[in-house]
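1. What shape does this take:
(chains A, B and C)
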Amino acid sequence: MSAVPEQRRSWFADADFELALVQLERERPQSLWRAARERLRRRASVRWSLRFLIGLCLLSFLAPLLPLPSPAAINLANATLPPQLPWPAPGALDFEPQYWELGPLDAQMVSLRTSLFGKWRTGHWLGTDALGRDVLARVVWGSRTSLLVALCAALTSLVIGASWGALAGLSGGRVDNVLMRIVDVLFAVPTIFLVIFLLSVLDAPGAGEARLSREQIFFLVVGAVSWLSMARVVRGQVLELERSAFVEAARAAGASTPWILTRHILPNVLGLVVVNLTLTLPSVILYEAFLSFLGLGVEPPRVSWGLLAAEGAEALNPLESYAWLVLAPGCAMAATLLALSTLGDGLRDALSVTERHER
Amino acid sequence: MSRFLLRRALWFVVTTWAVITIAFFVLRAAPGGPFSGERKLHPSVEAALRAQYHLDWPLWKQYLHTLGPLNLDERGLFGDASDVFGGLLALDFGPSMQHRDVSVNDALAQSLPISITLGSLALGIALVLGLGAALLSAQFPGSRFDRLVRLAAAAGLVLPNFVIASLLVLVFAFWIPIAPVAGWGAPRHVLLPALALALPFAAYIARLARAGLLETLSKDYIRTARAKGASESAILWRHALRGALTPVVSYLGPAAAGVLTGSLVIERIFAIPGAGTHFVASALNRDYTMAMGVTVVYAVMVFGFNTAVDVAYTLLDPRLDLEREA
Amino acid sequence: MPSSAPALRLRRVVAALVVVLLAATTLALARRAGRTRADFVFTAGGEVKSLDPHAATGVPEGRVIRALFEGLVVRDPLTLAPAPGCAESWSISPDVKRYTFTLRETARWSNGDPLRAEDFVWSWTRLLAPQTGAEYAAQLWCIEGARDFAEGRAGAEGLGLRALDERTLEVRLSEPQPHLLDVLCFYAFVPLHRASYESVQQRYPSTWATQWTRPEHLVSNGPFALRERRINERLRLERSPHYWDADGVALRTVDMLSIESWSSALNLYLTGEVDWVDGAIPPNLVPRLLAREDFRATPYLGIYFYRINTTRPPLNDPRVRRALSRAVQRAEITAKVLKAGQGPAFSFTPWGSIGDYKAPSLSQATPAGADFEFQAAKYSTPRRRAREFPSIEIHFNTSETHRAIAEVVAHHWKQTLGVKARLRNQEWKAFLDAQARLEYDVSRSSWIADYPDPGNFLEIWTSDSPNNRTGWKNARYDELIARARAERAPASRWPLYAQAEQILLDESPCIPIYSYVSQNLVDPGLGGFDDNALNEPSLAKLYWRDSLELDAARKQGAKGKKRVPSHGPPSGLRSPRAAAQLLDASGGAHGANVGGQR
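-> Residues are numbered from 1 along each chain as shown, chains lettered A, B, ... in the order given. Alright, predicted model coming up:
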């Protein structure tokens, strides 16, 4: 995003004022990015999505600081409590830090939390699960895994996928052929084979203390399968741009390759990459849910939205529905994915790029 | 065109070989074997079983054996025919290692038609719903209606399919009992699973098609058509839809391969004996022969659909030249 | 401007595609719509591993194989004692080394052929043959020459199996085997039909192994015959008219559905499409189900336990292992996690007893007892524990319930001993692999009885047992088990088993956690469904009660249970014999319900 010029106003500015500004700016020639930003800013849904996503990221990052019950604290006496009425229910003074092995930063935050709030914790606002664990706490902590998985997929998509596709598109000829056939082959291997291979081989107990945690393996797995479509999309776009009139014109005018790359191709591809990312992230979060459904998800007592949704869906039946068990993670997921796709739609409309060459 | 298809066929052979090789080694490298169980087999029994399926051979020999109708027994390359495998080249995948009295060919022959039936129905529903929503919302872009349609379309993409499927069962089989809860065999069994399978795709198609429509509608030739006095609906249906179909088709290629080979989640929740189960079960059970079977099926499907997509491109956009693309 | 020719072509292609797809869909579905509902439909988890009795293992496989085939002896569904099957009588030599069976004269195969003693000789020879790879073959190694034959050291000639005449089978054993009859009730020891098997072999020289169990080829001797098999969908069985007791079988058709997901099975049951479901019920639902008249939770001969890797310090110290075992508060797990009436297990023998055998019990299974043990093992102060005691990994295969139990056990260890526990789940095959290689600290396991005998459980802990998988070895234990095996009278075997089990508890290579219950949802209208500790009701004895009998049964049954409607035929469905008896008893006034339609 280095191509974006310094921003003068915040995303959260007043809409009418902005509209007027946009009208003004219309008068002058604009770069693709500037125009796109203006169009984006005019859409309330995009603004709200962005606010929601930023809020969610903050919330999940700061989860250890919040006065929630521990997501792993089992209390069988409180099993499957429905959301407490009156809502929000008063908290209690029985907080005990029970977590899995946390990183140093998280551990710091937990100790800060105990000094801030002491033993006070919030009530079971969203009810409890079969082992009496607080659903709200689990949803908040679960967002960390799901968002991290998404982030990781985004990074691999960007680093491996985009550069793979760009390399193929730019070099053309034999290199392009070889690179894209590799992608074809990987596309045709059933993903579940790769997942099981990676999970079981990297999780081999023989590796001792050095072995990766399930979560890290998980990120690897998701990354390994999520960059393929990005590579295809980027290659297609690069190919199209190379053939486009303005690049040919630039070449004819004697522009150097680096100049063409940075001035013409990169900005155009970046838009597509960003849009594609907002499409990849939801599918990755859903893929995590699928793996949790199969029981190949994160390692307990850690949680993820997929795991919570899988548990919740299992509890859906005509005899006795623990609706909150599926509603809580379901709504969290739905809101996040909706926000991501709204953002993606907005970006796409703003940059008016299509996925014509995604295949 | 025929040169294109010929080159494709060549690539197909190479790609399939590579996919099979990867799948073969990846699965063998995973710990555990087809015959491990809660009760450990007696060593002599396990040895007998492994010998029966040639798992006692060195890996390269197993690999060659899996690939082709080669008889690599001590009786020599052209030994007798009393072998358990035919080999992939003979399109005989041998007996399943998990279900020892079922051949992989039989299992696939029984389950694939079911997955294809369900999958094609789901694709049909997805296309109708998705394109319909896109056409409606593209007619009034930015309107409240557009937003509503887009929100509804997005709903299929924001929840895991097992949640959607469980909810569908609860609502349409128990609260409003209009469909059976699960099972397979009668036309009424298809409704809910096909819908559950279709919803995410419908959502995706709606988004792609809407974006495509909007882009095409801003193109010069549409303006020309408008200027010539063509009606709005004619413009939408005759001209814009074709433009909008390109991204949909390019998405549908790989998606169709996935849908038609079955979805484990839908099959499990609706108790449907489709092929999707075999994909996951063969990997989880280390059912090496079944895994090879589903790998080949999947590779063929993916490749076939990608080729179909490329052919469809030329129909949609005559400017594209397949000879050059290949 | 795009030309219209390709557009037209496209439209035609798409239209043709849609028509073809729709036609295919309709055809595919219409072809199968003709099937009627079976008299009785049940589910038993996923697809059976095999219908070949020698290749099959597992509970669902047992259900269908016992319906298709019948062994020499069968288990009485009420007492579980061996009762005549296709053998009408037998005699045992005084030294318990020779059994002689006499087959029923009326025993027939499903194609009408008479069942002969020779069939058993051939079938068991196939079972023992090394190339068959039968898991249960080792249980017949007590037959003379069997082990040598099975391990390829000798031919089949030396086997102690002989058909004295058409109806008399003689089995000679190499060592006294007092509970051979119990063993023979198991489904692996049923006879196979040689002629049909060999003709399939001839017709399909390379693929016979996947051909002979197909409905068109399989010939069986049990109450039912195989009519249809659709993989991952259903097995359709039909009453065999040639079965010697065909008159006593009520159900004309039986469907066994393979359904992986328990909630789908439950949904099918609730809508009346399935009549019997058993399985791992999500504990959340159990309280609700326990209130219903159609839910039966019966003690089951299975034990859920943790293995401890005795080769890894500090777990190589029996005191540490004992402390870990005592710290697990089993009652809390059974009452609050599982809820269906599972028994807290303080011995490795489930429910603390099998028949007359009374197992010793783990002493001082309390937090205080655990702590005492732990202190003795020199982990006295909390600081020492934190510093010196490494965190323990609980290893289990992926499943909701296993995870819940592991989390609670970890919680108990933390609370009582201050021991930190991590959880590690693996998918099934990787899990088994790691367990077999002893790459774990504490690993989840379970064991289900094949026949009701404590030896069935205790024998897995001998040094050379492939199912030991803890690295634990105890010579005294091995000796006690070997001695018990050779004793004929139960009364003299029980003390030996009790001594052995006491050693097991003292050394604690395992932590027994709970004893299983079988959890069945059975349509209330179904009669002849006998609960037993192996959860093996006999399909041949099932029938549908008419409304009168159902009312009477409900009056007798447990009070205060919520009534649920029966989906069975209102007029019931009885075996021809029972219907005739009913007709006699009521002097013809009471309508006979042989042909009751659903």
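2. per-residue confidence averaged over stretch B:270-282?
-> Average pLDDT, stretch B:270-282: 90.
3. Can that stretch be said to contact chain A?
-> Yes - contact of stretch B:270-282 with chain A (Cβ under 8 Å from any Cβ of the partner chain) involves B:F279, B:V280. Yep, even glycine has a C-beta here, placed from its N, CA and C like the rest.
4. Please apply the same query to stretch B:229-246.
-> Yes - Stretch B:229-246 lies within reach of chain A by Cβ under 8 Å from any Cβ, at B:T246.
5. got the contact list for the host helix or strand of A:V238?
-> Per DSSP states H and E: A:V238 is located in helix A:228-243. Applying Cβ atoms under 8 Å, 6 or more residues apart in numbering or on different chains, the contact partners of helix A:228-243 are A:157-158, A:160-162, A:164-166, A:168-170, A:172, A:176, A:179-180, A:183, A:186-187, A:247, A:264-265, A:268-269, A:272-273, A:276-277, A:280, A:353, A:355-359.
6. now the residues you listed: which count as buried?
-> The neighbour count (16 or more other Cβ atoms under 10 Å in any protein chain shown) marks A:157-158, A:160-162, A:164-166, A:168-170, A:176, A:179-180, A:183, A:186-187, A:247, A:264-265, A:268-269, A:272-273, A:276-277, A:280, A:353, A:355-359 as buried among the contacts of helix A:228-243.
7. still on that earlier bit, so which of the contacts of helix A:228-243 are in helices?
-> A:164-166, A:168-170, A:176, A:179-180, A:183, A:186-187, A:247, A:268-269, A:272-273, A:276-277, A:280 (DSSP state H).
8. For chain C, see how far away the residue nearest the centre of chain A is.
-> The centroid of chain A falls nearest to A:A150 when counting by Cα atoms, centre = their mean (3.2 Å). Distance from A:A150 to chain C, counting by Cβ to the nearest Cβ, to the nearest Å: 23 Å.
9. residues contacting the nearest residue to that residue once chain neighbours are set aside?
-> Spatially, and ignoring its direct neighbours in sequence, A:A150 is nearest to A:L281 (4.5 Å; Cβ to Cβ, 6 or more residues apart in numbering or on different chains). Residues counted as contacts of A:L281 (Cβ under 8 Å, 6+ apart) are A:A150, A:A153, A:A154, A:L340.
10. burial count for residue 221?
-> Because you didn't say which chain, this covers chain A. Neighbours of A:V221 under the rule other Cβ atoms under 10 Å in any protein chain shown: 25.
11. oops, I was thinking of chain C
-> C:N221: 28 neighbours (other Cβ under 10 Å).
12. Would you check how far apart the residue in chain C that chain A sits nearest to and A:S200 are?
-> When scored by Cβ to the nearest Cβ, chain C has C:T398 as its residue closest to chain A, at 3.3 Å. From C:T398 over to A:S200 the distance is 12 Å, taken as Cβ to Cβ, to the nearest Å.
13. same deal with B:H54?
-> From B:H54 to A:S200 the distance is 23 Å (Cβ to Cβ).
14. out of the two, which sits in the more crowded spot?
-> Each of B:H54 and A:S200 has its neighbours counted (other Cβ under 10 Å); A:S200 has more, 24 against 17.
15. which element is the more buried one on?
-> Going by DSSP H and E, A:S200 is part of helix A:191-202.
16. just the angle between that helix and helix A:228-243, please?
-> On the basis of axes from the mean of the first three to the mean of the last three Cα atoms, to 10 degrees, helix A:191-202 is oriented at 120 degrees to helix A:228-243.
17. So which bits of helix A:191-202 are buried?
-> By 16+ other Cβ under 10 Å, the buried positions in helix A:191-202 come out as A:T191, A:I192, A:F193, A:L194, A:V195, A:I196, A:F197, A:L198, A:L199, A:S200, A:L202.
18. I figured the second one hits B:A283, correct?
-> Spelled out, that is A:I192. Yes - A:I192 lies in contact with B:A283 (Cβ atoms under 8 Å); the separation is 5.1 Å.
19. Surely C:S465 touches C:E459?
-> Yes - between C:S465 and C:E459 there is a contact under Cβ under 8 Å: 6.4 Å.
20. so where's the chain uncertain?
-> Using chain A. A:1-36, A:85-88, A:203-214, A:351-359 (pLDDT under 70).
21. Please refer instead to chain C.
-> Where chain C drops to pLDDT under 70, the residues are C:1-15, C:17-18, C:21-34, C:378-387, C:558, C:587-598.
22. Can you pull the residues of it lying near chain A?
-> C:263, C:266-267, C:270, C:282-285, C:288-289, C:332, C:336-337, C:398-400, C:403-404, C:406-408, C:411, C:422-427, C:429-430, C:434, C:439-440.
23. and the stretch 251-359 of chain A, which of its residues are near chain B?
-> So the stretch 251-359 of chain A meets chain B at A:282, A:286, A:289-290, A:293-294, A:306, A:309-310, A:312-313, A:316-318, A:321, A:326, A:330, A:333-338, A:341-342, A:345, A:348-349, A:352, A:354-359 (Cβ under 8 Å from any Cβ).
24. so which strand or helix has the residue nearest to the centre of chain A?
-> helix A:135-156.
25. buried set for that helix?
-> So for helix A:135-156, counting by 16+ other Cβ under 10 Å, buried means A:135-150, A:152-156.
26. Can you pick out the residue with more neighbours from C:S465 and C:E459?
-> Neighbour count, other Cβ under 10 Å: between C:S465 and C:E459, C:E459 has more, with 19 against 15.
27. List the contacts of the more buried one.
-> By Cβ under 8 Å, 6+ apart, the neighbours of C:E459 are C:S465, C:I481, C:R485.
28. can these go into JSON lines with extra columns for secondary structure?
-> Shown next, in JSON lines, are the contacts of C:E459 (DSSP: H, G, I helix; E, B strand; the rest coil):
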{"residue": "C:S465", "secondary structure": "coil"}
{"residue": "C:I481", "secondary structure": "helix"}
{"residue": "C:R485", "secondary structure": "helix"}
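29. what number of residues lie near the closest residue to C:H411 other than its chain neighbours?
-> Excluding its sequence neighbours, the residue lying closest to C:H411 (Cβ to Cβ, 6+ apart) is A:I74, at 5.2 Å. Close neighbours of A:I74, defined as other Cβ under 10 Å, add up to 23.
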